[in-house]
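**Q** Could you look at this predicted model? Sequence included:
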Amino acid sequence: MTFYLLRHASTTANEEMLYDSRRDSALSANGRTQASGLVSSLSEYKYDAIFVTPLSRTRETLAPYVKAIETPLPPIIEEVLMIERDLGEITGRNQGEGAIEKDMVRQNVTDRFAWIPPGGESLNMVMSRVQKFYERLKQDYAGKSVLIVSHRNPLRCLELIILGRPMADYDRDDPPKQSPATLRVYEI
């Protein structure tokens with residue numbers, strides 16, 4: 001089975017260093033350029049299915065490829081299990097303000113993977129739902145190729161699952177976390 005993991009292109013919130021979380025923000029001008037630049041690399045491969053999340057930035061990232069492709073498109077499936085982590089009340093805050101760290105101190109939590117932002121979900125919860133998606137893919141798409149257009153946190157969790165690594169490796173730089181509009185390929 002081949003996994004093509006594509007992080008959505010840049011949004012204004014990404015560029016302003018804001019926690020975007022599940023806000024349905026559009027791509028920035030730079031993000032639209034990045035998405036257009038992905039057409040040639042995405043066109044190098046054939047996919048049996050393409051998964052996007054309910055957030056429009058994943059579909060917008062895919063749009064130039066969909067418009068340019070000359071062969072019949074595989075099914076494009078909306079997958080809620082790969083939606084970005086819900087940061088609850090932290091959403092929209094500036095990443096430089098230390099909102100996550102301050103809330104962890106306020107809650108007296110030291111395990112950042114278990115920490116649940118007010119009204120949000122922990123990284124462990126993200127890992128759990130991504131694991132469900134992965135198991136379903138292995139069953140339903142064995143021997144096939146899937147393109148997954150998603151977000152930083154669920155893609156990182158999926159990468160760890162594919163590589164057989166523990167959650168403790170989440171912050172390791174091997175491989176580094178995906179930047180906007182980056183594509184990675186894994187075969188299992």
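**A** That came through, no problem. Numbers count the residues shown, from 1 in each chain.
**Q** how close does the residue nearest the centre of the chain get to residue 79?
**A** The structure's the chain has its C-alpha centroid closest to residue 151; by CA atoms, centre = their mean the separation is 1.9 Å. From residue 151 across to residue 79, the span is 11 Å (CB to CB, to the nearest Å). Placement of C-beta: from N, CA and C, glycine included.
**Q** anything in contact with each of these two?
**A** Taking CB atoms under 8 Å, 6 or more residues apart in numbering as the contact rule, the neighbours common to residue 151 and residue 79 are residue 53.
**Q** ok, which stretches of the chain are helices?
**A** Counting by DSSP state H, the chain has these helices, from start to end: 12-15, 29-37, 39-43, 56-68, 99-106, 123-140, 152-163.
**Q** List the buried residues of stretch 181-188.
**A** 181, 182, 183 (16 or more other CB atoms under 10 Å).
**Q** Same list (those residues) but as a markdown table, adding pLDDT and distance to residue 119.
**A** Below are the buried residues of stretch 181-188 laid out as a markdown table (pLDDT from 0 to 100; distance: CB to CB, whole Å):
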| residue | pLDDT | distance to residue 119 |
| --- | --- | --- |
| 181 | 98 | 29 |
| 182 | 97 | 29 |
| 183 | 98 | 32 |
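**Q** of all those, which comes closest to residue 1?
**A** Compare each of the buried residues of stretch 181-188 with residue 1 using CB to CB and the shortest gap goes to residue 183, at 16.6 Å.
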